[in-house]
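[1] Take this sequence and fold it.
(2 chains)
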There are 2 protein chains.
Amino acid sequence: MKKGKTFIISGPSGVGKGSVLKVLLERRKDVYVSVSATTRQPRAGEENGVHYHFLDVDTFHEWIAQDAFLEYAEYVGNFYGTPKRFVDEAMAEGRDVILEIDVQGALQIAQKRPEAILIFIAPPSWSELERRLTARGTDSTEKIQKRLLRAKVECQTASAYHYFVINDTIENAAGELNAIMTAEHCRSMDRMEIIRD
Amino acid sequence: MKKGKTFIISGPSGVGKGSVLKVLLERRKDVYVSVSATTRQPRAGEENGVHYHFLDVDTFHEWIAQDAFLEYAEYVGNFYGTPKRFVDEAMAEGRDVILEIDVQGALQIAQKRPEAILIFIAPPSWSELERRLTARGTDSTEKIQKRLLRAKVECQTASAYHYFVINDTIENAAGELNAIMTAEHCRSMDRMEIIRD
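    Down below sits the predicted model:
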């Protein structure tokens, strides 16, 4: 049976990861997109197990103690983490897994799971990223400048990534992601057994 | 400008490399398929520069002396080689290059050009390869058995290849080749400069 693989997708805020993944998932129905666990309160419309696995702080710490996370971090007083279990279950079923996480989380996972494939989605240019962040209309100019600075720092640390997908158009970027997933399943290491038969 | 890459495609006789490449080239019009040089006589219908670059033995030896081949070999008294020049010209124009050569030639090139991507096209099974070789109707049973044995030896030495494409159907195999070519252009090493800008 085909074994599932883990694809980690990162990229600066505003680069369009969500839109690219949406198009990709229309083409690859069988992919499991990892749902993070968090200790923050659900917002209106957020469902447990769909948007997040909502945990209380004690349970989150228990999971940490049980080594039940592939990575975790704290942001402004709340914990966020990637539960191992659902990822491993999906892969055991032969499904590919996509984790959309930040660079720090990705590098944590890469240490535990060196076979994971790291893909960085980059903007075609900084000015275009600024344009997209401004077009969203959700952030102040100051906040946009902060996001841009953070994006530049992230791109510097992204040298550990295996692939860079440039999101010039959503179609192109989704096509490249799709190709990377197909190509990774053609790796000789994985297929050696088939060939030897 | 996008830089061209070299993709080396090998696989046992009868596996269907020609058919797969034909479908691939319909999707990738801009690929340069390398034309070998040979000292053997042209057969009816073979055009110089299209099917082969036909060279006399002296010229072939001159090219060897000038290090003008990426690889060369002798088969039953004739020389065959892959001229560097056309490959390098195509890549300089930003075109990808496909070289369809045997495992020995591929390994020669891999030493000179470690950045070349090696793809091995494998049959879905030995019995299927035997069926295909028989269906061609061109070889005796004895010759088919020789080809099968050679194919098994080739598969053993194919561990140096980066990718294995299994030709279960021509469409699938061409799709995987196409995905590998797209994915290889997303490699972070190549795109680092773009990201840094």
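[2] List the contacts of the residue positioned nearest the centre of chain A.
    What sits nearest the mean C-alpha location of chain A, by C-alpha atoms, centre = their mean, is A:Glu100, with 1.5 Å. With contact set as C-beta atoms under 8 Å, 6 or more residues apart in numbering or on different chains, A:Glu100 has these partners: A:9-10, A:17, A:21, A:33-34. Every residue, glycine included, has its C-beta placed from N, CA and C.
[3] could you redo the last one with a cut-off of 10 Å?
    A:7-11, A:17-18, A:21, A:33-34, A:36, A:82, A:106, A:121 (C-beta atoms under 10 Å, 6 or more residues apart in numbering or on different chains).
[4] so of the residues you listed, which ones are in helices?
    A:17-18, A:21, A:106 (DSSP state H).
[5] Which members of those residues are the farthest-apart pair?
    A:Gly18 and A:Ala106 (16.9 Å; C-beta to C-beta).
[6] Counting neighbours, go ahead and name the busier of these two.
    Neighbour count, other C-beta atoms under 10 Å in any protein chain shown: between A:Gly18 and A:Ala106, A:Ala106 has more, with 24 against 8.
[7] so that one makes contact with A:Ala158?
    Yes - using C-beta atoms under 10 Å, A:Ala106 is in contact with A:Ala158, at 8.9 Å.
[8] Would you confirm that A:His53 belongs to a strand?
    Yes - assessed by DSSP: H, G, I helix; E, B strand; the rest coil, A:His53 belongs to a strand.
[9] Return the residues in contact with it.
    A:35-38, A:59-60, A:63, A:81, A:83, A:85-86.
[10] before we move on, what about A:Ile101?
    Contacts here follow C-beta under 10 Å, 6+ apart; on that basis A:Ile101 touches A:8-10, A:34, A:36, A:70-71, A:73, A:80-82, A:107-109.
[11] any low-confidence regions in chain A?
    A:1, A:193-197 (pLDDT under 70).
[12] repeat that with 90
    The model of chain A has pLDDT under 90 over residues A:1-3, A:12-15, A:75-76, A:124-141, A:143-160, A:187-197.
[13] about what we covered before: for the contacts of A:Ile101, give me CSV that also has neighbour count and distance to A:His162.
    Below are the contacts of A:Ile101 laid out as CSV (neighbours: other C-beta atoms under 10 Å in any protein chain shown; distance: C-beta to C-beta, whole Å):
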residue, neighbour count, distance to A:His162
A:Ile8, 27, 9
A:Ile9, 23, 11
A:Ser10, 24, 12
A:Ser34, 19, 18
A:Ser36, 19, 22
A:Leu70, 23, 17
A:Glu71, 23, 17
A:Ala73, 15, 22
A:Tyr80, 20, 24
A:Gly81, 24, 23
A:Thr82, 25, 19
A:Leu107, 18, 13
A:Gln108, 19, 16
A:Ile109, 21, 13
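[14] Please convert those residues to TSV, extending it with distance to B:Lys3.
    Shown next, in TSV, are the contacts of A:Ile101 (distance: C-beta to C-beta, whole Å):
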residue	distance to B:Lys3
A:Ile8	26
A:Ile9	25
A:Ser10	25
A:Ser34	34
A:Ser36	38
A:Leu70	35
A:Glu71	35
A:Ala73	37
A:Tyr80	39
A:Gly81	40
A:Thr82	36
A:Leu107	28
A:Gln108	33
A:Ile109	31
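[15] max-length helix in chain A?
    Longest among the helix segments of chain A by residue count, using DSSP H, is helix A:141-157.
[16] Quick one: distance of it to the chain centre.
    18 Å (C-alpha atoms, centre = their mean, to the nearest Å).
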